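K.L.:
Sequence plus the predicted model coming up.
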Amino acid sequence: MSIAIREQVRVAPDRSVHVTSPLLEPGSQADVIVLVNARPALGKPYASFDAMRANPIDAPEDFSTSFENDLRL
């Protein structure tokens with residue numbers, strides 16, 4: 001059985017975080033996920049489309065367009 005522990009912490013000057021809880025048993029294995037409340041950068045708004053355009057992928061052409069063209073043949 002898994003338990004979830006949520007604790008708000010400050011990032012230390014060495015860029016680390018420290019979590020303590022009475023629910024943590026010494027020697028047990030734990031998965032850690034860190035979510036950072038990032039502040040948006042000032043300036044031009046950034047859209048998800050900008051991120052997609054900046055990271056092109058190798059993919060086939062748009063199937064919906066080619067499929068419609070193939071139906072016309």
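P.N.:
Received the coordinates, thanks.
K.L.:
Name the SS class of residue 50, please.
P.N.:
helix (DSSP: H, G, I helix; E, B strand; the rest coil).
K.L.:
Could I get the average pLDDT for stretch 34-42?
P.N.:
For stretch 34-42, mean pLDDT rounds to 76.
K.L.:
neighbours of residue 37, just the number please.
P.N.:
For residue 37, the neighbour count with other CB atoms under 10 Å is 5. Any C-beta I mention is one placed from the backbone N, CA and C, and that applies to glycine too.
K.L.:
which SS state does it fall under?
P.N.:
coil.
K.L.:
Look up how far residue 25 lies from it.
P.N.:
29 Å (CB to CB, to the nearest Å).
K.L.:
again with residue 10
P.N.:
Taking CB to CB, one finds residue 10 at 25 Å from residue 25.
K.L.:
where does residue 59 land on pLDDT?
P.N.:
So, for residue 59, pLDDT stands at 68.
K.L.:
before we move on, what about residue 62?
P.N.:
63.
K.L.:
and what of residue 66?
P.N.:
pLDDT, read off for residue 66, is 63.
K.L.:
Equivalent analysis for residue 9, please.
P.N.:
90.
K.L.:
so which strand or helix has it?
P.N.:
Under the assignment given by DSSP states H and E, residue 9 is not contained in any helix or strand.
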